[in-house]
Structures are given as structure tokens and as C-alpha cells.
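Enquirer: Take this sequence and fold it.
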Amino acid sequence: MSVTIQNIAPTEIEAESFRIIAKEIGDHNFDSATFKVVQRVIHATGDFNFAENLRFQSQALSRAMEVIRAGENILTDVNMVAAGVSKGMLASFGGSVSCLVADEEVARIAKESTKTRSEVAIEKGIEAGVGIIAIGNAPTALLKAMELLADMTPEARPLVIGVPVGFVNAAESKALLAEKEYPFITSLGRKGGSPVAAAICNALIHLAKEA
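Expert: As a prediction, the model looks like this:
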């Protein structure tokens, strides 16, 4: 078997990856900003199916730009999502990333109730106030977020990035999110995960920097 390794400078790898992704996708109906989000998700996963199953509520990107530039924070359901977000770039706007799933109070409340840690963490985080909720792992966290957002005013609602992965309530919770009228980004079906949630966050932060 003949294998050809590209000789490319480290600083050019990401740009070349995005060029390859754009070439392989070919013609599409995404606007420029949305396509950059799609590209970054595919870059993080190597999965071109996300070009078909990502869904963006019409106000999702404008809401993202609003809250990021205002220095609002990102709340994640698991530490793996938080670890993947470009904290330095977000901090340049005054924002930060948090995950409360390991918080002692969260653990205590979850133990004393029928709720999962992810549910309690999302509940506590939303009460504190955030601009973006990024969920890449736990459908229970997404369901809790939707429950809480139902009682919030449009101005107070954070953008929801809901892309949990799995076989139990992942597709179902995302299908429910896709029916909402408030700003969201989701992926239909079982596919998703922490790398997808982090990639979407990073794409939005980059877009906020560019504009």
C-alpha cells in the first residue's frame, strides 16, 4: 500500500483541514457563519454526517454573539466539554467556563433526591446566570435545562447547545429541543458528545472575535 504524508507547517494544519472539509462538502446552503460552526464540528469529529444533522434555531448565532461579547459565562454538563473550550479567547470578552457536576453541594442534593448530578448542576448553574449552556453528554441535563428555560423570559434565556450522545433519551431530548422557539443548536439523532459541544462553543467564540 502506498501512503503519502503531507509536508505541512504546524501553523497551517487547521486551515488546510478546513479547506479539505469545505472541498469535500461541496455545494451547501449554509450561510458563512453557520458553515464555520459546521466545519469546526466536522474538524473535531471527522464525521461529515454533522453537515446533515446539525440544526440551528434562527436566532442562535446572533444570541451567541450577544452573550459572548457581553462577557457572559458558559455552563457545561461535564468537565470534558469545559476542558475543550478555548478559555483564553472567552476570557478576552470577560467570560469563563464552569461545570458544577463535581460541586459538593450538587453531589449532596443529588444524593438526597432522585435527580442526577447533571440535572442538579444545570439547575444550580442556571440560577447563577449564564449566557450559554453547552450539553454534550447527559440527556437528563438537557431535559432539565428545557424545563427551567420554559419559565424564563426571552431576554434571560441562555443559548442552548444541546448535543448529548447516546442511546437512552439522547435523540429524544434533542428532538424536543429542535421544536423550541428560543435559540438553540442541536444535532438530530444519537450522534453528539463532548467534543461536538466544545467545538460549537469554540466556533462561536471565534466568530465573536472575527466580527
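
Enquirer: if you count residues, which helix in this protein comes out on top?
Expert: Longest helix in the chain, counting residues (DSSP state H): helix 194-210.

Enquirer: okay, that helix in CSV with CA atoms only?
Expert: Once non-C-alpha atoms are left out, helix 194-210 reads as follows in CSV (Å, rounded to 0.1, in the frame of the first residue of the first chain):
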residue,chain,number,x,y,z
SER,A,194,-18.4,16.5,24.5
PRO,A,195,-16.1,17.2,21.5
VAL,A,196,-19.1,18.4,19.5
ALA,A,197,-20.3,20.7,22.3
ALA,A,198,-16.8,22.1,22.8
ALA,A,199,-16.3,22.6,19.0
ILE,A,200,-19.6,24.5,18.7
CYS,A,201,-18.6,26.8,21.7
ASN,A,202,-15.2,27.4,20.1
ALA,A,203,-16.7,28.2,16.7
LEU,A,204,-19.0,30.7,18.3
ILE,A,205,-16.1,32.3,20.2
HIS,A,206,-14.0,32.6,17.0
LEU,A,207,-17.0,34.2,15.2
ALA,A,208,-17.3,36.7,18.0
LYS,A,209,-13.6,37.6,17.6
GLU,A,210,-13.9,38.0,13.9
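
Enquirer: Give me the buried positions along that helix.
Expert: 194-205, 207-208 (16 or more other Cβ atoms under 10 Å). All C-beta atoms are positioned from the backbone trio N, CA, C, and that covers glycine.

Enquirer: tally of neighbours for V85?
Expert: 25 (other Cβ atoms under 10 Å).

Enquirer: Tell me the pLDDT of it.
Expert: Confidence at V85, expressed as pLDDT, is 97.

Enquirer: what residues are up against it?
Expert: 74, 76, 97, 134, 198, 201-202, 205 (Cβ atoms under 8 Å, 6 or more residues apart in numbering).

Enquirer: State the pair within those residues that is farthest apart.
Expert: T76 and I205 (13.7 Å; Cβ to Cβ).

Enquirer: Tell me the one of the contacts of V85 nearest A171?
Expert: Among the contacts of V85, and counting by Cβ to Cβ, the member closest to A171 is A134, at 18.4 Å.

Enquirer: Let me know the pLDDT of that closest one.
Expert: 98.

Enquirer: Assign it to helix, strand or coil.
Expert: strand (DSSP: H, G, I helix; E, B strand; the rest coil).
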